[in-house]
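Colleague: All I have is the shape, not the residue letters:
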């Protein structure tokens, strides 16, 4: 039996975030919270391995109390157990402090059952850093496999795994040892639907809540704002360019006149663009 | 951009830990794969040059690879793009990228030569390496920056990046940790001029590792078929469409114009999510960052998520029926009108112009 830990994060649905036009602050009200979409590829891949080899999936998140909803959702997809690492002391954590806290919590999980694999999404949609996965791997001394497009085979006897990894210009086929940490690439699989029994299980499940001490963290200086080397010194809205677009108009405002007028202006004022267009079109 | 660096809590003037004062100089990781350097490395040298001059320190390239002409060649190229010196680790174990030996090489170099700033491309390789190196060195790392600057008073890197899905920007500093690390996406920084006369010193360093130390083995490498690859990031002309085109059939008008211009086709995230075009064509926060000479945006409102991926374009032409669409706030030229009628007219205008030129040239 294989034990897989899947790290997820509850994030605001970024497609629905708006910035207040006057105060330049994020308007969070009414923005739905979802499981980071990239994490679903990680969870589905873990579920597939469990389907094939049998096993146990622990899903873990660090976040505010309401992140429990994300964990229940994960159980409804088929995860076996859920742990919410939550404590005010974690607030303001950057990626280094976050990976420290999660790595410490995973060590606590290991005390009851050894961990063979850790899965993460390739990045989150709110932070976009792609650093927490590698951070956890380094801290737990797991073999790090990022941007995995496919888990080709898992051999539990030999404790070996073969994966396909996306690199800039191609695909690497890698073989490594368990335990390992995998960050899954988007589009690598498709999340299953929650089954009725799993939905009932999710509703009834007890989500374990771990504070700093329960997560095995002795030194509060390693977590939250204190444990974060980076500080946000300024948050601001993108400056609107001082010059707005020059709106092209003609007497008739007919499409062909507008098009001709536009083209003439671009080619006259930006000869290098005209050159590029001619060069490109000639090929 | 002027940024006021907020000093850490306590309001007293920030003072760097004296033990960190010996960290000096700016490093750029020179990424290469299959014998070719990734151009983000040269873009970072261009930006790194400016930062190094502000701090009055040397700019170094870091090259790791298998022994041979090609690997050394990247050092020479780095000098031409602005590096003053290069740190070089040549070892057969570095032939393919693997996290373990590259992390070891980079952390050893940092511990030996102590740079104050380390920059890497926000590519799959760069992010894999940066995350591991920062955790191993226990320092701060700011991902996916769109702007870099220096607070000269406290020698601090001001790393600005989009946050909250691109709705806002934030400036991040790594105060009492060294090196200060940042990754930058390809095409965000301008490509510097190459100066063939420039050269510099190469400082060699060993990789203290043997193959049996490395757990992960590369069984095979399957290169992408270049023919089907969309090369949006490096296109000089891009025609992009958004949901303002209303129907997937209308996206053909984008392809028609792109064909006449010899341009690449781009799209917004909603268009990709609706399956009108493949995901490789998405421009913006969760897609590609582009920097073409000409960007034509039709039926695109100009939401910040799209804007961060394309507003470094030289000339932006926006076609939108809504005169208040945000795209008109930063486009160069705008036409307020129906993209479905403007696009064919524009295609025809370019076709006639280009045909006319050819006739003139022939005459």
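Modeller: Nice, I can see it. All values derive from a computational prediction rather than experimental measurement.

Colleague: Could I get the full set of helices for the stretch 101-250 of chain B?
Modeller: Using DSSP state H, counting those that start in this stretch, the helices of the stretch 101-250 of chain B run over residues B:124-137.

Colleague: so where is it shaky, pLDDT-wise?
Modeller: For the stretch 101-250 of chain B, the stretches with pLDDT under 70 are B:165-167, B:226-230.

Colleague: can you map out the strands along it?
Modeller: For the stretch 101-250 of chain B, applying DSSP state E, counting those that start in this stretch gives strands covering B:117-121, B:141-145, B:147-151, B:156-163, B:168-174, B:180-184, B:201-204, B:217-223, B:237-241.

Colleague: Let's have those in TSV, adding distance to residue A:165.
Modeller: The C-beta positions use only the backbone N, C-alpha and C, and glycine is treated the same way. Below are the strands of the stretch 101-250 of chain B laid out as TSV (distance: least, C-beta to C-beta, whole Å):
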stretch	distance to residue A:165
strand B:117-121	17
strand B:141-145	19
strand B:147-151	29
strand B:156-163	25
strand B:168-174	29
strand B:180-184	18
strand B:201-204	29
strand B:217-223	9
strand B:237-241	29
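
Colleague: The ones you listed: which one's closest to residue A:151?
Modeller: strand B:217-223 (13.9 Å; C-beta to C-beta).

Colleague: So the nearest residue to residue B:171 once chain neighbours are set aside: helix, strand or coil?
Modeller: Nearest non-adjacent residue to residue B:171, counting by C-beta to C-beta, 6 or more residues apart in numbering or on different chains: residue A:234, 4.2 Å away. What DSSP: H, G, I helix; E, B strand; the rest coil gives for residue A:234 is strand.

Colleague: cool, the one 10 residues further on as well?
Modeller: Here residue A:244 takes the coil state, with states given by three-state DSSP.

Colleague: Help me confirm that the residue nearest to residue B:171 comes into contact with residue B:163.
Modeller: No - look at residue A:234 against residue B:163 with C-beta atoms under 8 Å: they stay out of range, at 11.0 Å.

Colleague: Which residues are in contact with each of these two?
Modeller: Common neighbours of residue A:234 and residue B:163, counting by C-beta atoms under 8 Å, 6 or more residues apart in numbering or on different chains, are residue B:170.

Colleague: Comparing the two, which shows the higher neighbour count?
Modeller: residue B:163 (18 against 15; other C-beta atoms under 10 Å in any protein chain shown).

Colleague: what's across from that one in the sheet?
Modeller: residue B:168 (DSSP bridges).

Colleague: and the residue sitting nearest the centre point of chain B, what is it in contact with?
Modeller: For chain B, the residue nearest the mean C-alpha position is residue B:186 (1.9 Å; C-alpha atoms, centre = their mean). Residues near residue B:186 by C-beta under 8 Å, 6+ apart: B:38-40, B:43, B:121-123, B:233, B:289.

Colleague: Narrow those to those that are buried.
Modeller: For these, a neighbour count by 16 or more other C-beta atoms under 10 Å in any protein chain shown gives the buried set as B:38-40, B:43, B:121-123, B:233, B:289.

Colleague: Columns distance to residue A:228 on top of these, output as CSV?
Modeller: Converted to CSV, the buried ones among the contacts of residue B:186 look like this (distance: C-beta to C-beta, whole Å):
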residue, distance to residue A:228
B:38, 30
B:39, 32
B:40, 27
B:43, 28
B:121, 24
B:122, 20
B:123, 25
B:233, 32
B:289, 27
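
Colleague: Report the entries of those residues that also contact chain A.
Modeller: Applying C-beta under 8 Å from any C-beta of the partner chain to the buried ones among the contacts of residue B:186, one finds that B:38, B:123 fall near chain A.

Colleague: Where do the domain boundaries of the chain fall?
Modeller: Looking at chain A here, since you left the chain open. Domain assignment for chain A by automatic domain parsing gives A:2-222, A:240-283.

Colleague: ah, I was thinking of chain B
Modeller: According to automatic domain parsing, the ranges for chain B are B:19-213, B:227-362.

Colleague: So for residue A:152, which of the ones you listed sits nearest?
Modeller: That would be domain B:19-213 among the domains of chain B, by C-beta to C-beta, at 17.2 Å.

Colleague: For the closest residue to residue B:160 other than its chain neighbours, the count of nearby residues, please.
Modeller: Among residues not flanking residue B:160 along the chain, residue B:147 sits closest, at 4.0 Å (C-beta to C-beta, 6+ apart). Residue B:147 is flanked by 16 other residues according to other C-beta under 10 Å.
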